[in-house]
Each structure stands twice: as C-alpha cells, then as structure tokens.
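>>> Dropping the sequence and predicted coords here.
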Amino acid sequence: MKRTLSLLVVIVVLLPKLSFSQLYIEPFAGYQKNLNSPKNNLLNTGVQLAFKLKNYEFLFQIQKSWPQSINGVDSSYTTNTSLPISAPAYKTINTSAFTFAIGNRFKIAGRKTKNSYFIKFYTGIMSQNNAVKYDYDKANYIILNPDKTINVTGIFVSGGFEYMRQIKNNRLFVELNFSSPPSGNIKYPSSFNLMAPITLNVGYSIKISKK
Amino acid sequence: MRIERYKIGYACLLLSIFITGCSGNSTFFYPDKENSGLGIFSNTGNNVFSCYVNGNPWRTQDRKWSSGVASSSHTYEINISKQYTDSPTTLLSIIWYRSYFDQISLFVSVPRNFSYADFATWQGKRLSIDGVNSYFTMQVDGYNNTGLGLGTIYFNKLNFDNMDSAFGNEVTGRMSGLLEVDFGSVKITSGRFDHNLDANVIHFW
C-alpha cells in the first residue's frame, strides 16, 4: 500500500512538468520467455505513453501477456486393488499476466543521428495467473503433490535496452527487457514459480503533440 | 539515565524470551480442492494424515513443540513402534493421533528381527490388511465398538537414513501413502498420510 502511494506521489509531482513535453503513443508487441520455466513462452502486447523531455522520457505502460498452455503429467495413485497402483494425471497450466507500470527512458547514445540507444527502467503492478487443470480418474485415484491455480498481484521492477530509429516525426523501436516476478510468495508447494519474463518487443512511437 | 532505561528494557526483553521460550509447528496442511476438508496427498513431509470417517473429515493434530523455563511440550501426530518380544513374531504398530483419545491405528505382525531396512522394502507396495496378520483399529469420537478393520494401505514413500546408528536414535526418514479401511458399519475412505520420521516418532525395540 505504501509503495502504491509512493508511485502516485511520483506521478502527481511529475505530471505538471510532463504537460509541457512532447507526447508519443507507442503500441508494441513481442515475445516473452519465462526465465523461471524454459517451457513457458508467451506473446505479449501493450501500449505506452511517452512524455519526452530532451534526452529523458517518462512512460506510462499497460501490457498483457496472453495465456499460453503448458502440458505436463503428474502421478495419481489408488488403494483399489482391482486397478493399477498408479495412473497419469494430465495437467494443463495456463499462464497469463497483466501489468501497469511507470517507467523512465534515458538516451545513452545517438544524440545527433536518427539512430538512438536508450536504457529503460519500469516499476509497477503485475498480476499473474497460473490456472491449473487436471484430467484424470477422479473417482478412483488421488493425485500426488497436485498443483493448484495461483493468482498473485504485486509490485515488480524491470529494466532493459532499446534501439530506436527516427522515421519522420515518428519512431520505430526494438527493446530487450528483463523483469522480476511480482512481489509476494506462493504459499503452496507448487511445481512452478512465478514468471520472470525476458521480453523482446517491437513497437512504433507515434507523435501526437509537440511543444 | 537514558542508557539505563535501554538496559532495563533490553533485560526485560531477554527475560521475556527466556521465560516464554520458543515454539514451532512443523505440520503443513494444504486443503485438497477435490476432497473438501482433507489435505492434499503429498510426499514432502507435511506431517499430517487426513481421511473421511463415514464421510466426515478427520485429521491428525499438528506436530508442535514449545520450550521455555516454565515448561516445554511436544505433540506428535504419529507414533510407529515395534514391540520387543521373545516370540518369533511381534507387532508393528502405526498410530495416528487427533488427540491421545482420538486415534486410528494399524497393527501388522512382523518377524522379531524386523528392521528399518525391512520396513523400507514396503515402499511402492500396496498391502492388503486381512484381519489375520494385520488389522486396523479406531478410537474416534462418535464411533464406538468398531472392532477390527480390514482394508488396504499403499506406501508411496518409505525410506530411512542412519539406519545403523546405535539404538536407532539417529534414524530419520519419510513415510507417505494412502489407505482405505472397512470396519463394517464405519468406513475410512480417501486416507492420505505424509510424515517426517525421527527418533521421536519411531521406535524399534
């Protein structure tokens, strides 16, 4: 709660200055790889507003990581002597995420050319959902160490590098971003961890106002 | 003067810790969404047994400990023992406690020299409890004179370390599995257990 309040204070303090800056709207899309689970790859889309002040830009971003299914097999067991001791329990985990973040974009190279390089830092709120479904003989078998649906919302931080090319008044960018999982623990012995995505995005920055 | 106050406060804090002591709970109960009132079936050492007794959830007490100057206490959810005897066979007993007077037990006839290593060979096996060489008993609130129970027990994990230690006082291990019992008018269903074992809960004499 304190952190959320701090974010709001930062926004309120910065907004008056941002009103005198150039404003860009930046739709983007990309591909995410979960560093905590090699099988977990997601497509993501988002949009951000960029307030440009010389070599610095302030960003508001919303991003959606679209659900992706991971299939697995757990074991189930029975005491019924007329059945085999164990049988497979087919598992599907659907992972998705939604983030709202504020960020900072600093130009580190390319001040007088059309090609520029930036470093970016974000912090915000991430909501992750890992929906678990099982397909097995529920009447006769019991799953060993079952997973369950986990939904966690918390603060996250991320950072990365960005290449940007000026195209008339607009800009094309490619970014590589590393993100932490949302804060908070899974209070359950799950077989999976919260997603910590590395993201490769391509986006287009459209100028919608100027000084 | 101010430093003296800090010293007194610090001494009071230490004294309160000394008197009240420490406590802990090494039972982890994760509800099973498929079986309301029961814990999940696990083999990670959650120290709990749960089942339905005629459809009503029943679970063991928590494994807790507390220690202080005034008192120290432990509660365990399970006790496994093999009695000493001069005869060729003896009874291996596994007792699950909700309280001292509320318990479900399994007795199995085993050779006198039955060892931890022999016990560990039951891992992965499903044993029929036939009422002749083995049987269940229960002493559960609301159910009287249930007699001997027949059924099946499956040991998913049953292993021990330090089996050669003197008097078995350093033995540690883990036991998990499933069980079903029929007492005639009373039925125990969907039973699942998962325990860390050490010299406090397992005794082979």
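Right, received. Where do you want to start?

>>> What parts of chain B come near chain A?
When proximity is defined as C-beta under 8 Å from any C-beta of the partner chain, chain B approaches chain A at B:28, B:30, B:32-35, B:40-44, B:124, B:126, B:128, B:151-154, B:156, B:178-180, B:190, B:192. Quick note: C-beta positions are derived from backbone N, CA and C, even for glycine.

>>> Skip ahead from the helix or strand of chain B with the lowest mean pLDDT and say which helix or strand is next.
Lowest mean confidence among the helices and strands of chain B (mean pLDDT, DSSP states H and E): helix B:2-20, at a mean of 66. Heading C-terminal from helix B:2-20, the first helix or strand you meet, by DSSP states H and E, is strand B:22-25.

>>> neighbouring contacts of that next one?
With C-beta atoms under 8 Å, 6 or more residues apart in numbering or on different chains as the test, strand B:22-25 has contacts from B:62-68.

>>> Now the buried members of these.
Those of the contacts of strand B:22-25 that meet the buried threshold are B:62-65, by 16 or more other C-beta atoms under 10 Å in any protein chain shown.

>>> Just the closest of those residues to A:Asn170, please.
A:Asn170 lies nearest to B:Asp62 out of the buried ones among the contacts of strand B:22-25, by C-beta to C-beta, at 63.3 Å.

>>> thinking again about what came up before, filter the contacts of strand B:22-25 down to the ones in strands?
Under the assignment DSSP state E, the contacts of strand B:22-25 contribute B:64-67 to strands.

>>> can you give me the strands in chain B?
Going by DSSP E, chain B shows strands at B:22-25, B:48-53, B:56-59, B:64-67, B:72-75, B:78-82, B:89-99, B:102-111, B:126-129, B:134-139, B:150-161, B:172-182, B:187-197, B:202-204.

>>> who does the shortest one pair up with?
Partner strands and pairing direction for strand B:202-204 (DSSP bridges) are strand B:78-82 (parallel).

>>> How about the second one?
In the sheet containing strand B:48-53, its partner strands are strand B:56-59 (antiparallel), strand B:187-197 (antiparallel), by DSSP bridges.

>>> give me every residue that touches the residue nearest the centre of chain B.
With distances taken as C-alpha atoms, centre = their mean, B:Ile78 lies nearest the centre of chain B, 2.0 Å away. The contact partners of B:Ile78, by C-beta under 8 Å, 6+ apart, come to B:47, B:49, B:60, B:94-97, B:193, B:195, B:201.

>>> correct me, but B:Arg59 touches B:Arg98?
Yes - at 6.8 Å, B:Arg59 counts as touching B:Arg98 under the criterion of C-beta atoms under 8 Å.

>>> still on that earlier bit, output the strands of chain B in TSV; the columns should cover distance to A:Tyr163.
Below are the strands of chain B laid out as TSV (distance: least, C-beta to C-beta, whole Å):
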stretch	distance to A:Tyr163
strand B:22-25	54
strand B:48-53	55
strand B:56-59	58
strand B:64-67	58
strand B:72-75	63
strand B:78-82	62
strand B:89-99	64
strand B:102-111	67
strand B:126-129	62
strand B:134-139	70
strand B:150-161	53
strand B:172-182	53
strand B:187-197	53
strand B:202-204	64
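
>>> I'd like those written out as JSON lines, with mean pLDDT added.
Output for the strands of chain B, formatted as JSON lines (pLDDT from 0 to 100):
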{"stretch": "strand B:22-25", "mean pLDDT": "89"}
{"stretch": "strand B:48-53", "mean pLDDT": "98"}
{"stretch": "strand B:56-59", "mean pLDDT": "97"}
{"stretch": "strand B:64-67", "mean pLDDT": "88"}
{"stretch": "strand B:72-75", "mean pLDDT": "88"}
{"stretch": "strand B:78-82", "mean pLDDT": "95"}
{"stretch": "strand B:89-99", "mean pLDDT": "95"}
{"stretch": "strand B:102-111", "mean pLDDT": "96"}
{"stretch": "strand B:126-129", "mean pLDDT": "96"}
{"stretch": "strand B:134-139", "mean pLDDT": "96"}
{"stretch": "strand B:150-161", "mean pLDDT": "96"}
{"stretch": "strand B:172-182", "mean pLDDT": "96"}
{"stretch": "strand B:187-197", "mean pLDDT": "97"}
{"stretch": "strand B:202-204", "mean pLDDT": "88"}
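
>>> what's the closest of the contacts of B:Ile78 to chain A?
Chain A lies nearest to B:Phe193 out of those, by C-beta to the nearest C-beta, at 11.7 Å.

>>> Quick check: closest non-adjacent residue to the closest one.
Nearest non-adjacent residue to B:Phe193, counting by C-beta to C-beta, 6 or more residues apart in numbering or on different chains: B:Phe49, 3.8 Å away.

>>> what do you get for A:Gly46?
A:Gln63 (3.4 Å).

>>> Keeping just the C-alphas, turn the helix or strand hosting that neighbour into PDB.
Secondary structure from DSSP H and E places A:Gln63 in strand A:56-77. This file holds the C-alpha atoms of strand A:56-77, laid out as PDB (Å, rounded to 0.1, in the frame of the first residue of the first chain):
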ATOM      1  CA  TYR A  56      14.700  11.800 -21.000                       C
ATOM      2  CA  GLU A  57      11.300  10.300 -21.400                       C
ATOM      3  CA  PHE A  58       8.700   9.400 -18.800                       C
ATOM      4  CA  LEU A  59       6.500   6.400 -19.600                       C
ATOM      5  CA  PHE A  60       3.100   5.000 -18.600                       C
ATOM      6  CA  GLN A  61       2.700   1.400 -19.800                       C
ATOM      7  CA  ILE A  62       0.000  -1.300 -19.800                       C
ATOM      8  CA  GLN A  63       0.900  -4.700 -21.100                       C
ATOM      9  CA  LYS A  64      -0.900  -8.000 -21.500                       C
ATOM     10  CA  SER A  65       0.800 -11.400 -21.700                       C
ATOM     11  CA  TRP A  66      -1.600 -13.700 -23.500                       C
ATOM     12  CA  PRO A  67      -2.400 -17.100 -22.000                       C
ATOM     13  CA  GLN A  68      -0.200 -19.900 -23.100                       C
ATOM     14  CA  SER A  69      -0.800 -23.600 -22.100                       C
ATOM     15  CA  ILE A  70       1.900 -25.800 -20.800                       C
ATOM     16  CA  ASN A  71       1.100 -29.500 -20.700                       C
ATOM     17  CA  GLY A  72       2.500 -31.900 -18.100                       C
ATOM     18  CA  VAL A  73       1.900 -35.200 -16.400                       C
ATOM     19  CA  ASP A  74       1.600 -35.800 -12.700                       C
ATOM     20  CA  SER A  75       1.100 -39.200 -10.900                       C
ATOM     21  CA  SER A  76      -2.100 -40.400  -9.300                       C
ATOM     22  CA  TYR A  77      -2.400 -43.400  -7.000                       C
END
